[in-house]
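1. heads up, no residue letters with this:
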């Protein structure tokens with residue numbers, strides 16, 4: 001059965017290399033990938049909703065909103081890594097057709113936290129969160 005898998009996957013060598021064995025032994029099954037995707041995506045949605053609710057708290061609301069909204073977006077991006085794998089996800093994010101959206105999104109993630117923690121500008125933090133949303137949708 002292993003020989004059939006090697007032939008069908010294009011690795012028809014007699015013995016797989018040590019690196020191939022490590023990669024095969026650490027890869028997740030499809031069910032585990034789907035469960036990881038659902039869990040990570042649910043955590044991302046929960047953090048984003050929680051951040052939106054915490055926006056209305058006086059004084060500390062902006063910082064909490066920026067942190068939770070940004071963590072929610074990072075978790076949502078991380079959830080798709082379960083489905084296709086981290087390297088394939090990174091390669092797709094930095095394809096020429098998606099490069100601008102990726103750079104804008106990563107820059108807005110950083111600038112959202114900077115505007116909330118250091119600059120203390122509510123308008124800028126909100127603007128960068130909106131730009132994060134549009135960059136992820138793009």
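-> Structure received. Predicted model only: the values in this text are computed from it and were never measured. Numbering: from 1, shown residues only.
2. looking at the protein, which helix or strand is least sure?
-> The least trusted helix or strand in the chain, going by mean pLDDT, DSSP states H and E, turns out to be helix 18-26, with a mean of 54.
3. how about the strands in the chain?
-> For the chain, applying DSSP state E gives no strands.
4. Would you enumerate the residues in contact with the residue most central in space within it?
-> Ranked by distance to the mean C-alpha position of the chain (Cα atoms, centre = their mean), the top residue is residue 77 at 1.9 Å. By Cβ atoms under 8 Å, 6 or more residues apart in numbering, residue 77 lies in contact with 89, 136. To be clear about C-beta, it is placed using only N, CA and C from the backbone, and glycine gets the same treatment.
5. Would you mind measuring from the nearest residue to residue 65 once chain neighbours are set aside to residue 87?
-> Among residues not flanking residue 65 along the chain, residue 55 sits closest, at 4.1 Å (Cβ to Cβ, 6 or more residues apart in numbering). Distance from residue 55 to residue 87, counting by Cβ to Cβ, to the nearest Å: 36 Å.
6. of these two, who's got more company?
-> residue 55 (18 against 9; other Cβ atoms under 10 Å).
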